[in-house]
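Trainee: The sequence isn't on hand, but the structure is:
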């Protein structure tokens, strides 16, 4: 579960949970739109650009969900949070970090006689895809899954 952390912005200092499995409701989307001008289709751009206004909107949502502020106070609290310096310390988005999330490291080179190396030497029956299936070194922005709503009409 991700958390919004506010430091040095009294009286709002604290850590507020932001449950990624819980879809935003219409009011929360309105806050995101009014505060940061992002919508469901452009939200990822805000994460990629680390937009301060998006972080403020997420703080307001997390604080309201946590019961720290009333839903009628969301826009006023956002105006106060917008005055905080955006130095990646005053307002931050933090994901869960556990030991199980630590990637495994290669401790030695693979053995030349391993099954993998023998498979690599066999010929292919087709051409390799130009896109490949390897991993990318690009860092992805944090995401908050959005649930789609389907019509039953």
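Mentor: Done, it's in. This one's a predicted model, so the numbers in the text were calculated from it and none came from an experiment.
Trainee: Quick check: which ranges of this structure have low pLDDT?
Mentor: 96-153 (pLDDT under 70).
Trainee: longest helix of it?
Mentor: The longest helix of the chain (DSSP state H) is helix 52-65.
Trainee: can you list contacts of it?
Mentor: When contacts are defined by C-beta atoms under 8 Å, 6 or more residues apart in numbering, helix 52-65 is touched by residues 3-4, 6, 12, 16-19, 22, 24, 28, 31-32, 35-38, 43, 46-47, 69-71, 74-75, 77-78, 81-82, 86, 91-93, 144. The C-beta positions use only the backbone N, C-alpha and C, and glycine is treated the same way.
Trainee: could you redo the last one with a cut-off of 6 Å?
Mentor: Here helix 52-65 makes contact (C-beta atoms under 6 Å, 6 or more residues apart in numbering) with 4, 16, 18, 28, 31-32, 35-36, 38, 46, 69, 71, 74, 77-78, 81-82, 86, 91.
Trainee: So among those, which ones count as buried?
Mentor: Buried members of those, counted by 16 or more other C-beta atoms under 10 Å: 4, 16, 18, 28, 31-32, 35-36, 38, 46, 69, 74, 77-78, 81, 91.
Trainee: Now intersect the contacts of helix 52-65 with the strands, please.
Mentor: 4, 16, 18, 91 (DSSP state E).
Trainee: In this structure residue 31 contacts residue 73, no?
Mentor: No - with contact defined as C-beta atoms under 6 Å, residue 31 does not count as touching residue 73 (11.2 Å).
Trainee: okay, and the common contacts of these two?
Mentor: Taking C-beta under 6 Å, 6+ apart as the criterion, residue 31 and residue 73 do not both touch any residue.
Trainee: The ones in strands among the contacts of helix 52-65: which two are farthest apart?
Mentor: Farthest pair in the ones in strands among the contacts of helix 52-65 (C-beta to C-beta) is 18 and 91. Separation: 12.3 Å.
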